[in-house]
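Novice: Pasting the sequence and the predicted coordinates here, then a few questions.
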Amino acid sequence: MLPLPQSILFCCDHNAVRSPMAEGIMKKFYGSDTYVQSVGVNNDMEIDGFAIAVCEEINVELSRHRSRSFDEMERWGDDLSSFDLVVALSPASQRRALELTRYFHLTVEYWPILDPTGLGETRDTKLASYRQTRDQIVGHLKDRWGPPVETA
């Protein structure tokens, strides 16, 4: 297990499912000592309702999340170089992060996390897919930084 970074950026394709889940769960598990943000390659979707639902099950609030892209992040003044660690949760976001980090000394990690969108026919099977994604994120976080230190 490694010490928590001072700042971490989670990224995926749309900043609507995987990266907001990772951001919310990271904040819940490890508190406010680490600056945590998330971003997508594109910003063409709002936060996903199934992502909100499965995170509510573990007391992680996502309904107020607003999706944003790498480009918007830069426009709003959040410089990629200010993050200690970028965790890419999809191949496209890994490529984009590596492309953007050519100019900075930054660590980019790739966590292969299931994209649950489009999986399952019924509400229950869709929720099962999203839970699997959530649980993969939880597993990676615990493997990397140990048991949650959440104060509840």
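Specialist: Ah, there it is. Because the structure is predicted, anything quoted here is derived from the model rather than measured.
Novice: C-alpha from now on. contacts and neighbour counts both.
Specialist: OK.
Novice: The residue nearest to Pro148 when sequence neighbours are not counted: how many residues sit nearby?
Specialist: Once flanking residues are discounted, Pro148 sits nearest to Phe29: 4.4 Å by C-alpha to C-alpha, 6 or more residues apart in numbering. Using other C-alpha atoms under 10 Å, Phe29 is surrounded by 20 other residues.
Novice: so when I look at Phe29, I'm seeing a helix, right?
Specialist: Yes: assessed by DSSP: H, G, I helix; E, B strand; the rest coil, Phe29 belongs to a helix.
Novice: what's the pLDDT at it?
Specialist: Phe29 is assigned 94 on the pLDDT scale.
Novice: Go ahead and confirm it touches Gly139.
Specialist: No: the criterion here is C-alpha atoms under 8 Å, and Phe29 misses it with Gly139 at 11.8 Å.
Novice: Name the spans of the protein whose pLDDT lies under the cut-off.
Specialist: Applying pLDDT under 70 to the chain flags residues 150-152.
Novice: where along it do the helices fall?
Specialist: 18-30, 49-56, 70-75, 91-100, 123-145 (DSSP state H).
Novice: mind listing what's buried in the third one?
Specialist: If I follow you right, that is helix 70-75. Across helix 70-75, burial judged by 16 or more other C-alpha atoms under 10 Å covers 70, 73.
Novice: What is that helix packed up against?
Specialist: Helices and strands touching helix 70-75, by 3 or more C-alpha pairs under 8 Å, 6 or more residues apart in numbering; DSSP states H and E, are strand 35-40.
Novice: Contacts only, for the spatially most central residue of the chain.
Specialist: In the chain, the centroid-proximal residue (C-alpha atoms, centre = their mean) is Ser19; its distance is 2.3 Å. Each residue near Ser19 by C-alpha atoms under 8 Å, 6 or more residues apart in numbering is listed here: 10-12, 38-40, 89.
Novice: show me what contacts Arg131?
Specialist: Val54.
Novice: Chain neighbours aside, what residue packs nearest to Leu127?
Specialist: Phe50 (6.4 Å).
Novice: can you give me how far stretch 96-104 is from the chain middle?
Specialist: Its chain's C-alpha centre and that of stretch 96-104 lie 18 Å apart, by C-alpha atoms, centre = their mean, to the nearest Å.
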